[in-house]
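> Need coordinates for the below:
(one chain, ligands or ions: 1)
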Amino acid sequence: MLNKKIKIVFIGAELNPLIKVGGLADVMGALPKALSKLGVEVLIILPFYGSLNKKLYPSKLVKANLKLADTKISFAVYQTLLAKTKIKILLIKNKLFDRQEIYLDQNKLQDTERFAAFSKCAVEAIKVLNLKPDLVHCHDWHTALVPTILDEYSLSDKNFANIPTLLTIHNLASQGLSTLELVDYLALNKKLTPALMEDYYDDQDKLELLKIGILSADAINAVSPTYAQEILTKKYGAGLEVYLQRRQKNLSGILNGIDTDVFNPQTDKAIAKKYNVNNFVKYKPVNKQALQAKLNLSVLDVPVFALISRLVSQKGLDILKPCWEALLKQDLQIIILGTGEKKYEEEFRILNKKYPAKFKAVLKFDADLAQQIYAGSDFFLMPSSFEPCGLGQLISMRYGTIPIVRATGGLKDTVRHKKTGFVFSDYNHQALAKVCDLALNIFQQPKAMQKMIKAAMLQDFSWDKSSQAYLKLYKKLIK
Ligand code: ADP
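Predicted coordinates for the structure are as follows:
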């Protein structure tokens, strides 16, 4: 093993920049790049979704067949490279994935079957292309069945004997619910797969892909050390805590990084005035003024609080609700960018009308505006009820915007109270209001505020550290 290049196959449902719904895509895109800098060879297997531009990916490698529900299906494997890298992406083409949406109905039967079929196609691709990986790294419920399928393949093919597997949990909220019919649909060999069989007998008519993955992968990791601890408890375990507790010895937490080339106030083309840790005092206010003007807010040196998020209660929208009007009584401004649940969007439309000079909610997805808000605000609100890792707080610190977060998951691991941000524990609006007061207070003390901004901007949230941690874990699993 010493001098041989380690070869890892990633199998997952999303990949930035090809196709993204959430943080899973960011990890699938950024971690392989960081690993290849460490000398690891990574191949990524992804469904060939109908929304991908077919003209960009013309290179067909191979055609293959497998059995699904008593019928043979055929699929093709296309190959492309991750932008500006030599990292190979293998796209699995079959009509199951050839549609505009990635997810038809998260966690519903049809999707579970599609991604279980994708998992089997991915393993078959490993076989027909003779990839011989040292380890297979799968992600979330979509590919949680991969360790089971690899076990099945090892029965008839010695190349599949003892390939170690790692399952990364990006979010426990979706678990991939299915029925026993899936076993026949995938033509799985029941006797060989204890984890599958346990689920099979546990609950007479349902299977849960993520549970099977947790029980069968050689190791499991969550995307922050605190989330890895929290999911062992009933409060955060989403019903899977008992299985995670059983695997506790093989469970770890590795923090996600951010792409520090993309999120860089010194080179960001989307913002009004580029800046860095040495000149933010002079240039960050230029971004604030440009942002206020763009959003038709009064151009004033008052504290600006921002929120960029999916508008769902997980992100603390329910405890923020009683805070908005109380905050708006003071001399400050609030900027919101997001889409989500109707009740929150409606609430923000009302506040937009009531406070036109100091409250602005933009209810859409807009990557450039997001960068402008990160650059032009003073405080970033992220009071989540749970947060596997969270990117918003990392980006905001990189842009010198002080995060206000609840002590949970990756937020707890990355923000230090009164040093790089403000942190509160109890999930209620009173506790949140208290730290907002602390923020307003520090805003009145420019020297103290600048010290915090500097400390936040100097944090290292690149993938360098985390990719080392993944490499260490891979090496432990590859004997
Ligand atoms: P999650 O993956 O749970 O939605 P994260 O904080 O991990 O939350 O990642 C969310 C990412 O999406 C952040 O980079 C955030 O800036 C971005 N984002 C969320 N909503 C919007 C929006 N409406 N427009 C632009 N970017 C957004």
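
> could you give the mean pLDDT of the longest helix along the chain?
When the chain is parsed with DSSP state H, its longest helix is helix 109-128. Here the mean pLDDT over helix 109-128 is 92, rounded to a whole number.

> Stretch 173-188 too?
On average, stretch 173-188 scores 86.

> dump the residue contacts of residue 331.
Taking C-beta atoms under 8 Å, 6 or more residues apart in numbering as the definition of contact, the neighbours of residue 331 are 302, 303. For glycine as for every other residue, the C-beta is placed from the backbone atoms N, C-alpha and C.

> Confirm that it lies within a helix, as I assumed.
No: the assignment for residue 331 is coil, going by DSSP: H, G, I helix; E, B strand; the rest coil, so no helix is present there.

> Distance from stretch 165-180 to the middle of the chain?
Here the centre of mass of C-alpha atoms in stretch 165-180, compared against the chain's by C-alpha atoms, centre = their mean, to the nearest Å, lies 14 Å away.

> Repeat that for stretch 395-413.
How far stretch 395-413 lies from its chain's middle: 15 Å, per C-alpha atoms, centre = their mean.

> Show me what from this structure comes close to the ligand.
Within the chain, the positions adjacent to the ligand are 22-23, 308-310, 337-339, 365-367, 370, 390-392, 395 by C-beta under 6 Å from any ligand atom.

> Of these - the most surrounded one?
When those are compared by neighbour count (other C-beta atoms under 10 Å), residue 390 ends up highest, at 29 neighbours.

> which non-adjacent residue is nearest that one?
Nearest residue to residue 390, sequence neighbours excluded (C-beta to C-beta, 6 or more residues apart in numbering): residue 410, at 4.6 Å.

> likewise residue 468?
Nearest in space to residue 468, with sequence neighbours left out and distances taken as C-beta to C-beta, 6+ apart, is residue 38 at 7.0 Å.

> ok, back up a step: buried set for the longest helix of the chain?
Buried residues in helix 109-128, counting neighbours by 16 or more other C-beta atoms under 10 Å, are found at 111-127.

> same thing with stretch 161-174?
For stretch 161-174, the buried set under the neighbour-count rule, 16+ other C-beta under 10 Å, comprises 163, 164, 165, 166, 167, 168, 169, 170, 171, 172, 174.

> So for the helix or strand containing residue 465, mean pLDDT?
Taking DSSP states H and E as the definition, residue 465 sits inside helix 463-477. For helix 463-477, the per-residue pLDDT values average out at 96.

> Might you calculate how far that helix sits from the centre of the chain?
Counting by C-alpha atoms, centre = their mean, helix 463-477 is centred 18 Å from the centre of its parent chain.

> ok, for residue 438, nearest residue in space, not its chain neighbours?
Leaving out its chain neighbours, residue 438 is closest to residue 422 (C-beta to C-beta, 6+ apart), at 5.5 Å.

> hang on, the earlier thing: elements contacting the helix holding residue 465?
Taking 3 or more C-beta pairs under 8 Å, 6 or more residues apart in numbering; DSSP states H and E as the contact definition, the neighbouring helices and strands of helix 463-477 are helix 23-37, strand 135-139, strand 165-169, strand 219-222.

> picking up where we left off before, what residues are bridge-paired with the residue nearest to residue 438?
In this structure, residue 422 has the following beta-bridge partners (DSSP bridges): residue 404.

> before we move on, what about residue 168?
Those that pair with residue 168 in a beta bridge, by DSSP bridges, are residue 139, residue 221.

> show me what contacts it?
With contact set as C-beta under 8 Å, 6+ apart, residue 168 has these partners: 27, 137, 138, 139, 140, 220, 221, 222, 223.

> and the second one, what does it touch?
Spelled out, it's residue 137. Residue 137 makes contact with 8, 9, 10, 11, 165, 166, 168, 474 under the criterion C-beta under 8 Å, 6+ apart.

> In TSV, list those residues along with distance to residue 265.
Formatted as TSV, the contacts of residue 137 follow (distance: C-beta to C-beta, whole Å):
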residue	distance to residue 265
8	33
9	36
10	30
11	35
165	39
166	34
168	29
474	33
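
> From those residues, pick the one nearest residue 212.
Minimum separation from residue 212 among those (C-beta to C-beta) is found for residue 165, which lies at 11.9 Å.

> Toward the C-terminus, what is the element adjacent to the worst-scoring helix or strand of the chain on mean pLDDT?
Least confident helix or strand of the chain, by mean pLDDT, DSSP states H and E, is helix 194-202 with a mean of 68. Under the assignment DSSP H and E, the closest C-terminal helix or strand after helix 194-202 is strand 207-208.

> and the closest residue to the ligand within the stretch 51-200 of the chain, what is it in contact with?
Residue of the stretch 51-200 of the chain nearest the ligand, by C-beta to the nearest ligand atom: residue 171 (7.0 Å). Shown in contact with residue 171 (C-beta under 8 Å, 6+ apart): 22, 23, 24, 140, 388.

> From the ligand, how far out is residue 31?
Distance of residue 31 to the ligand, given as C-beta to the nearest ligand atom, to the nearest Å: 14 Å.

> Going forward, the N-terminal residue is numbered 807.
Taking 807 as the first residue, the last one we looked at is residue 837.

> contacting residues around that residue?
With the criterion set at C-beta under 8 Å, 6+ apart, residue 837 makes contact with 816, 1269, 1272, 1273, 1276.

> wait, isn't the last one in contact with residue 836?
No: counting by C-beta atoms under 8 Å, residue 836 is not a contact partner of residue 1276; they are 11.4 Å apart.

> which residues are contacting the helix holding residue 1271?
The set of residues that contact helix 1269-1283 without belonging to it, under C-beta under 8 Å, 6+ apart, is 812, 814, 836-837, 839-841, 843-844, 846, 940-941, 943, 970, 972, 1024-1025, 1027, 1058, 1060-1065.

> Show me which of the residues you listed are buried.
For the contacts of helix 1269-1283, buried by 16+ other C-beta under 10 Å: 812, 814, 836-837, 839-841, 846, 940-941, 943, 970, 972, 1024-1025, 1027, 1058, 1060-1065.

> Quick one: name whatever helix or strand follows the strand or helix carrying residue 1178.
Counting by DSSP H and E, the secondary-structure element that holds residue 1178 is helix 1173-1182. Elements were assigned by DSSP H and E; along the chain past helix 1173-1182, the next helix or strand is strand 1185-1188.

> Show me what the next helix or strand after that next one is packed against.
As assigned by DSSP H and E, the chain's next helix or strand after strand 1185-1188 is helix 1198-1204. The contact analysis (3+ C-beta pairs under 8 Å, 6+ apart) places helix 1198-1204 against strand 1110-1117, helix 1173-1182, strand 1185-1188, strand 1208-1212, helix 1215-1220, helix 1252-1263.

> Out of those, which is closest to residue 1162?
With C-beta to C-beta as the criterion, residue 1162 lies closest to strand 1110-1117 of the helices and strands packed on helix 1198-1204, at 15.3 Å.

> Parallel or antiparallel, which strands does the closest one pair with?
Strands adjacent to strand 1110-1117 in the sheet, as given by DSSP bridges, are strand 1139-1146 (parallel), strand 1185-1188 (parallel).

> Show me the contact partners of it.
For strand 1110-1117, using C-beta under 8 Å, 6+ apart, the contacting residues are 1094, 1097-1098, 1121, 1123, 1126, 1133, 1138-1147, 1150-1151, 1154, 1169, 1176, 1179-1180, 1182-1188, 1198, 1202, 1207, 1210, 1242, 1245.
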